[in-house]
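Visitor: Quick one, structure for this:
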Amino acid sequence: MADKHNGKAKSTSPDEQRIREAYQKLGHMGGEAVKEKYGPEFYSQIGKKGGDTVKGKYGPEFYHTIGEKGGEARKGQLGHAGYQELGHMGGETVKEKYGPEFYSQIGKKGGEKGGEARKAQMARGEIKARKPTKEAPDKR
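Guide: The predicted structure is shown next:
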């Protein structure tokens with residue numbers, strides 16, 4: 001079993017595992033009781049309060065740093081094929097929810113906006129115009 005604090009493997013005996021599972025169950029029961037008493041939005045409120053406290057203590061870039069670390073760890077777990085599968089699953093979910101014609105609609109919108117965005121980037125000097133890859137033959 002991996003220790004959630006340092007990510008290193010930590011061996012546990014069957015007794016330790018049963019004790020851990022018992023505490024997890026008690027924690028779950030306590031959480032359900034709090035949700036029943038105060039409502040699910042209570043967790044949103046305390047989560048935001050905790051997030052604001054962390055941001056005040058460590059700065060907003062802290063979230064960027066931990067996000068990168070988590071993303072790198074997840075990339076190591078999933079690999080390229082894992083991300084492909086996640087993308088495929090997400091695409092299937094979108095297709096089920098909005099229908100296959102949704103992709104045509106967003107593709108057209110993206111194509112229209114894409115030209116405008118590229119021109120704006122060129123105007124700001126962020127990118128340069130592409131050079132033609134193959135010149136058309138001279139018609140004389």
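
Visitor: Give me the phi and psi angles of residue 124.
Guide: Backbone geometry at residue 124, expressed as degrees, to the nearest 10, gives phi -80, psi 0.

Visitor: Quick one: residues in contact with stretch 103-111.
Guide: 94, 95 (C-beta atoms under 8 Å, 6 or more residues apart in numbering). Every C-beta, even on glycine, is put in place using the N, C-alpha and C of the backbone.

Visitor: After the top helix by length along the chain, which helix or strand is next? Please name it.
Guide: Under DSSP state H, the helix in the chain containing the largest number of residues is helix 61-98. Downstream of helix 61-98, the first helix or strand assigned by DSSP states H and E is helix 101-123.

Visitor: could you measure the residue positioned nearest the centre of the chain against residue 84, distance?
Guide: Taking C-alpha atoms, centre = their mean as the criterion, residue 71 is the residue nearest the geometric centre of the chain, at 8.1 Å. As defined by C-beta to C-beta, to the nearest Å, residue 71 lies at a distance of 16 Å from residue 84.

Visitor: which helices and strands sit right next to the longest helix of the chain?
Guide: Contacts defined by 3 or more C-beta pairs under 8 Å, 6 or more residues apart in numbering; DSSP states H and E place helix 61-98 against helix 41-58, helix 101-123.

Visitor: got the buried residues for the shortest one?
Guide: Buried residues in helix 41-58, counted by 16 or more other C-beta atoms under 10 Å: none are found.

Visitor: and if you look at the last one?
Guide: Neighbour-count burial for helix 101-123 flags no residue at all (criterion: 16+ other C-beta under 10 Å).

Visitor: Check the secondary structure at residue 130 for me.
Guide: Classification of residue 130 using DSSP: H, G, I helix; E, B strand; the rest coil returns coil.

Visitor: likewise residue 127?
Guide: Secondary structure state of residue 127, per three-state DSSP, is coil.

Visitor: gap between it and residue 35?
Guide: 50 Å.

Visitor: Same check on residue 59?
Guide: Applying C-beta to C-beta, the value for residue 59 to residue 35 is 31 Å.

Visitor: picking up where we left off before, need the helices and strands packed on helix 61-98 in TSV (columns: mean pLDDT and distance to residue 22).
Guide: Formatted as TSV, the helices and strands packed on helix 61-98 follow (pLDDT from 0 to 100; distance: least, C-beta to C-beta, whole Å):
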stretch	mean pLDDT	distance to residue 22
helix 41-58	96	23
helix 101-123	83	47
